[in-house]
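Colleague: sequence and predicted structure are below.
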Amino acid sequence: MSNHPRNMRTYEEEINNFKWEISCKELGYNEGDVINIGEYCSDRICRMGKADKLALIWEGHSGEEKRYTFNDLRQLSNTIAHFVRGLGINPGDRVCLFMDKVPELYIGFLGVLKSGAIVQPLFSAFGSESLLTRLDDAKTTAIFTQKKHLPKVRNILKDLPSLKHIIIVDDDASKPLRECEVAFHMDTAERIDHFDVYPSKAETPSVLHYTSGTTGKPKGAQHVHYSIISQYITAKYVLDIQDDDIYWCTADPGWVTGTSYGIIGAWSNGVTQCVLDAGFKAETWYKFIEKHKITVWYSAPTAIRALMKEGNEIIKKFDLSSLRHLASVGEPLNAEAVIWSKEVFGLYFLDTFWQTETGCIVVSNYPEMKVKPGSMGKPFPGITATVVDLNTHVPIEKKGVVGMIALKPGWPSMIRTYWNNEVTYKGKFKNGWYLCGDRASIDEDGYFWFVGRDDDVINTGGHLVGPFEIESALLEHPLVAESAVVGKPDPVNMEVVKAFITLKPGTVPDKMLELEIMNFVRKKLSALAMPQEIEFVDSLPKTRSGKIMRRVLRAKEWGEEIGDISTLENDM
Amino acid sequence: MSALKDAILKYVKNEYIEEGDDREVTYETPLISGGIVDSFSMVSLKVFLETTYKIQIPDAKASPEAFDSVNNIAVLLKEFGIE
């Protein structure tokens, strides 16, 4: 373990002195300047003299490896931007990246932004219906994908009149491509050394990430190029990434952590990062850390708990002494996991809290701050955070009282709207605060303690899943009459999806039907949305007006008080 | 044994490989670490095995390692007397 001086001074010093202008200055940004995330993460780093420094070390599931320098990033993102522009895609058009964690995804992200288009990364495990919902809402013009995911795109193309280009990054010409489809091979394409990067300004839209809510369709959280001001400095201070670090963010860029800190945070700091494009396996992960001498590791509680489950013996087989800083995001990190990491790695996993909408870490534990295992930590300097009363939305002064986490709007990476959904966006603000939708309390030392979601959204393995979307998919199954979906406690994923289902008359439930329904949802939406458990019931709890009371079912799963059921229509 | 492996392989191909996706999947292909079956989908694979072979696989035995290939699954099923 190295003894790096930390990027961040003590928390108290930063709280008293921090200004976002520090980040602007370090990045060389002045108000009114052109600011393009793609350019800031590649060309700017080359101009700093790091053109030959490794930017990306990529490893596939069978051990194949690719390496790219910052000059490669610069040229290849130029190449992609040139290609996008050549297709006639205009600034502001939405371009989706629907790929596994391959280099084309990471470099394509920069390239699309350089072209001036809005980049829309989507989780490659999404099924056709999840994909359709998000592409239709964004009226996406083009999609980059891989051969293996092409069938899902083809399935829905007829329902997407706006989708004009399907770009396949690994086509091998074994089968003819169809209309709208074009092959593009990043590594062998003619490199473009000079490209006129789109002159985006601070408020130019950049990234569109979809996030689930309790009701309705997923919402497109729209970010702007100015978000890099937050992502750069939070990566530097909270993740403590430094010039000689080898950084590994395990998140998939289909979700916001994978872009804010899996692309922008690392590369705007000019740091080498590693990517492992493989499913979870403890041995593979430890081997990856050992092989690449990872120093800073940003992961998720679900992964950490899965590693815990594999035991401590396996860790002894590997030399993990390169690790010097660990952080976690996605859901609250339980105290046991924090203590375990100290025991086996000699380092605490520092919990960080933020959301798709915040674009950057907003409440966190810091390298030079006392760790209270199980706590979310304290607000990032520059962020004003509190908890507010659930009804009045007035900040709660009394320590230890649970309220809703609320942030004072105005930090650089805050979303600017939900795509096509300004009403819902405005509804997130009450009494001058942005409401996160999560409940917490603050202790006498100013540490935040997570309590739970304030809505029906399910946080499974750090991913938010909307019950409405799953219930809608379930209703499309020919034998399902009604359904209600809630989160159920799970030792690894915090919550998993559980569905309560009533069947159509005459249908007898059995395990085969349970399996059939599971796979039905998985293929339509995604594995995340697939109920991990199905309970067939005779009826669902409803209000007298016929609305299904999910909270009654949820309370039963969590062993909580059911609360007021005076409006309940039927006995369960 | 190969009939058992073929049945599992057929299920994996039908359920976890998209129609039109021509990746080759064999008895040895890494399913979990290869990204064909993710950790969430493992539950459906477990339910398939339990339902088809009328067994109960304890959670402790349903590890990513045990499910990582058709060959590994066959070894796991052998513990339950299924061959």
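Modeller: Thanks, I have the structure now. Numbers count the residues shown, from 1 in each chain, chains lettered A, B, ... in the order given.
Colleague: CA atoms for contacts and neighbours, from now on please.
Modeller: Noted.
Colleague: which residues touch the helix or strand where B:Asp6 lies?
Modeller: Using DSSP states H and E, B:Asp6 sits within helix B:2-16. If you take CA atoms under 8 Å, 6 or more residues apart in numbering or on different chains as the criterion, helix B:2-16 is touched by A:519, B:25-27, B:36-37, B:70-71, B:74, B:83.
Colleague: what angle separates the helix or strand following it from helix B:2-16?
Modeller: Later in the chain than helix B:2-16, the nearest helix or strand by DSSP H and E is helix B:42-53. Here helix B:42-53 runs at 140 degrees with respect to helix B:2-16, directions being taken by axes from the mean of the first three to the mean of the last three CA atoms, to 10 degrees.
Colleague: which ones are touching the closest residue to chain B within chain A?
Modeller: Residue nearest to chain B within chain A: A:Gly279 (4.0 Å; CA to the nearest CA). Contact analysis of A:Gly279 by CA under 8 Å, 6+ apart lists A:61, B:32-35, B:38-39.
Colleague: how about it, secondary structure?
Modeller: Here A:Gly279 is recorded as coil under DSSP: H, G, I helix; E, B strand; the rest coil.
Colleague: grab the nearest non-local neighbour of it.
Modeller: Among residues not flanking A:Gly279 along the chain, B:Ser33 sits closest, at 4.0 Å (CA to CA, 6 or more residues apart in numbering or on different chains).
Colleague: dump the residue contacts of the one you found.
Modeller: A:61, A:278-281, B:64, B:68.
Colleague: put the alpha carbons of the helix holding B:Asp6 into CSV.
Modeller: Extracted as CSV, the C-alpha positions of helix B:2-16 are listed here (Å, rounded to 0.1, in the frame of the first residue of the first chain):
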residue,chain,number,x,y,z
SER,B,2,-24.7,-36.4,-22.3
ALA,B,3,-28.5,-36.5,-22.5
LEU,B,4,-28.6,-34.5,-19.2
LYS,B,5,-26.0,-32.0,-20.5
ASP,B,6,-27.9,-31.7,-23.8
ALA,B,7,-31.1,-30.9,-22.0
ILE,B,8,-29.4,-28.2,-19.9
LEU,B,9,-27.6,-26.8,-23.0
LYS,B,10,-30.8,-26.7,-24.9
TYR,B,11,-32.5,-24.7,-22.1
VAL,B,12,-29.6,-22.3,-21.9
LYS,B,13,-29.6,-21.7,-25.6
ASN,B,14,-33.4,-21.3,-25.8
GLU,B,15,-33.7,-19.0,-22.8
TYR,B,16,-30.5,-16.9,-22.6
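Colleague: how about the residues of chain B near chain A?
Modeller: Proximity of chain B to chain A, by CA under 8 Å from any CA of the partner chain, involves residues B:15, B:18-23, B:32-35, B:38-41, B:43-44, B:47-48, B:51, B:64-65.
Colleague: now the buried members of those residues.
Modeller: B:15, B:18, B:32-35, B:38-41, B:43-44, B:47-48, B:51, B:64-65 (16 or more other CA atoms under 10 Å in any protein chain shown).
Colleague: may I have the beta-bridge partners of the nearest residue to A:Ile396 once chain neighbours are set aside?
Modeller: Among residues not flanking A:Ile396 along the chain, A:Val388 sits closest, at 5.3 Å (CA to CA, 6+ apart). Here A:Val388 shows beta-bridge partners A:Pro395, A:Met404, assigned using DSSP bridges.
Colleague: I'd say A:Val388 and A:Met404 touch.
Modeller: Yes - A:Val388 lies in contact with A:Met404 (CA atoms under 8 Å); the separation is 5.2 Å.
Colleague: what pLDDT does whichever residue of chain B sits closest to chain A get?
Modeller: For chain B and chain A, the shortest gap (CA to the nearest CA) falls at B:Ser33, measuring 4.0 Å. The model reports B:Ser33 with a pLDDT of 86.
Colleague: how about the one 10 residues further on?
Modeller: Predicted confidence (pLDDT) for B:Val43: 93.
Colleague: gap between it and A:Gln532?
Modeller: Shown here: B:Val43 relative to A:Gln532, a distance of 6 Å by CA to CA, to the nearest Å.
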